[in-house]
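Chemist: below: sequence and its predicted model.
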Number of protein chains: 2
Amino acid sequence: MDSLPYLDQLIERFRAFPGVGEKSARRMAFFLLQQPTPWVESLAEILRGAREHIHPCPICGALTDRDPCPLCSDPGRRSELLCVVETPEDCIALEQSGVFRGRYHVLGGRVSPLEGEQIPPERLDALRQRIQDGGIGEVILAMNPRVEGDLTAFTVQESLAGLPVKLSRLACGLPVGGSIGFADRVTLHVAMEARQPFSSEEI
Amino acid sequence: MDSLPYLDQLIERFRAFPGVGEKSARRMAFFLLQQPTPWVESLAEILRGAREHIHPCPICGALTDRDPCPLCSDPGRRSELLCVVETPEDCIALEQSGVFRGRYHVLGGRVSPLEGEQIPPERLDALRQRIQDGGIGEVILAMNPRVEGDLTAFTVQESLAGLPVKLSRLACGLPVGGSIGFADRVTLHVAMEARQPFSSEEI
């Protein structure tokens, strides 16, 4: 059977997305071909529009469609708390959880010697500058709880050496709602080491 | 955080694809936003082009970008063998395997009472007509080996009642390269019932 260039290209493009393999890409392509033409037209427009209008905020680095972003311009957020994350995606995950009401600083990278990744130096400089400009009391390192996250946190810590700011990091332990039986050994070890004083009166 | 309309739309659209959940859709959207603009532009073009140029062949129903499709117009394929499949995707899977060198008939649907699905009547009529036009000696029912596939095969069989044509169906049994230990009970049962005479001389 002759190949269909458009179909092959479509499958190849879908395969480029993270977590999409050969068969998933094919299923997605066939799904697309079964959609009404206006649906496909509007999807093409959304792709273009998203790429054109969404960009990193010049201050915090989170994704936005205006300058500065709503996170940086919201007067209701606590300016003395700065949460440092690896990616804009982490920033959205934290926002959706609603657990943080301060400001953000997106590194836009992580330290991974094996994959040759580094934090963009200009983002570290910008972080240092933001702290030097004053008004920030605590920097929360919200890195992912794995080796690359640890290395990233150490690197940020080093680059902030000498600055009068408190550094903290997200707690590690058992995921809430999970079960001990399914927790991995490392998580259990961390949960044991970082155990908290318990008093029934606090509940 | 204010939502980003383009990002939300992008995630919503990716979620519509089969096998893509909330988190996968978000990962895909962030991946897209990190690609160079020309990559996104060309993806948008490929989506449009695929939807515009690829359509079902008017004869067999397989996907094609010309009329009739290369499968129907190839003089090297055996015209007396007709393989009936549920979807254009099945057709491509069989072609990629290279195990069949006859003609196809895509039903474009399957019988599933639970999901209210039926074979489009015009595709059954077209199948009947192709056989009545003569030259077809055997119809191979290549339905999926599950309840819906069985019902679909029965329905096709009924609609062809009285036509002078041999009907066959793909064999079921152990998948080659699999292991008996991992096969499910039903597959083992089928493999046992449909066991074949064995002679070392044949090998």
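Modeler: It's in.

Chemist: where does chain A have low pLDDT?
Modeler: For chain A, the stretches with pLDDT under 70 are A:1-3, A:199-203.

Chemist: swap the cut-off to 50 and go again
Modeler: Counting by pLDDT under 50, chain A shows low-confidence ranges at A:1, A:203.

Chemist: report the central residue of it.
Modeler: Centroid-nearest residue in chain A: residue A:90, 2.2 Å away (criterion: C-alpha atoms, centre = their mean).

Chemist: contact partners for it?
Modeler: Contact analysis of residue A:90 by C-beta atoms under 8 Å, 6 or more residues apart in numbering or on different chains lists A:106, A:142, A:144. Any C-beta I mention is one placed from the backbone N, CA and C, and that applies to glycine too.

Chemist: what about the first one, neighbour count?
Modeler: Using other C-beta atoms under 10 Å in any protein chain shown, the number of residues around residue A:106 comes to 24.

Chemist: correct me if wrong: it contacts residue A:123.
Modeler: Yes. The criterion here is C-beta atoms under 8 Å, and residue A:106 meets it with residue A:123 at 7.4 Å.

Chemist: can you map out the helices along chain A?
Modeler: All helices of chain A, identified by DSSP state H, fall at A:5-16, A:22-33, A:37-53, A:70-73, A:88-97, A:121-132, A:147-159, A:185-193.

Chemist: quick one: common contacting residues for residue A:106 and residue A:123?
Modeler: Shared contacts of residue A:106 and residue A:123 (C-beta under 8 Å, 6+ apart): residue A:61.

Chemist: rewinding a little: can you put the helices of chain A in TSV and add distance to residue B:72?
Modeler: Formatted as TSV, the helices of chain A follow (distance: least, C-beta to C-beta, whole Å):
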stretch	distance to residue B:72
helix A:5-16	17
helix A:22-33	19
helix A:37-53	25
helix A:70-73	56
helix A:88-97	47
helix A:121-132	58
helix A:147-159	54
helix A:185-193	58
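
Chemist: for residue A:165, which of the ones you listed is the nearest?
Modeler: Residue A:165 lies closest to helix A:121-132 among the helices of chain A, at 5.3 Å (C-beta to C-beta).

Chemist: what packs against that closest one?
Modeler: strand A:78-85, strand A:102-106, helix A:147-159 (3 or more C-beta pairs under 8 Å, 6 or more residues apart in numbering or on different chains; DSSP states H and E).

Chemist: any chance of a markdown table for those, columns distance to chain B?
Modeler: A markdown table is the format used below for these (distance: least, C-beta to the nearest C-beta, whole Å):
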| stretch | distance to chain B |
| --- | --- |
| strand A:78-85 | 13 |
| strand A:102-106 | 10 |
| helix A:147-159 | 17 |
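
Chemist: please identify the most buried of these.
Modeler: With neighbours defined as mean count of other C-beta atoms under 10 Å in any protein chain shown, these peak in mean count at strand A:102-106, which reaches a mean of 23.

Chemist: run the angle between it and helix A:121-132 for me.
Modeler: Put simply, strand A:102-106 runs at 150 degrees to helix A:121-132, going by axes from the mean of the first three to the mean of the last three C-alpha atoms, to 10 degrees.

Chemist: and strand A:102-106, which strands flank it?
Modeler: strand A:78-85 (parallel) (DSSP bridges).

Chemist: what does the strand it pairs with rub up against?
Modeler: A:91, A:94, A:100-107, A:127, A:130-131, A:135-143, A:156.

Chemist: give me every residue that touches the residue nearest to residue A:57 when sequence neighbours are not counted.
Modeler: Spatial nearest neighbour of residue A:57, chain neighbours left out: residue A:69 (3.7 Å); criterion: C-beta to C-beta, 6 or more residues apart in numbering or on different chains. Taking C-beta under 8 Å, 6+ apart, we find residue A:69 in contact with A:57, A:59-60, A:62-63.

Chemist: so which of those wins on neighbours?
Modeler: Among those, residue A:62 has the most neighbours (other C-beta under 10 Å), with 26 neighbours.

Chemist: do you know how far that one is from chain B?
Modeler: Noted for residue A:62: a distance of 8 Å to chain B, by C-beta to the nearest C-beta, to the nearest Å.

Chemist: can you tell me how far that residue sits from residue B:130?
Modeler: Distance of residue A:62 to residue B:130, given as C-beta to C-beta, to the nearest Å: 59 Å.

Chemist: this completes my enquiry, with thanks.
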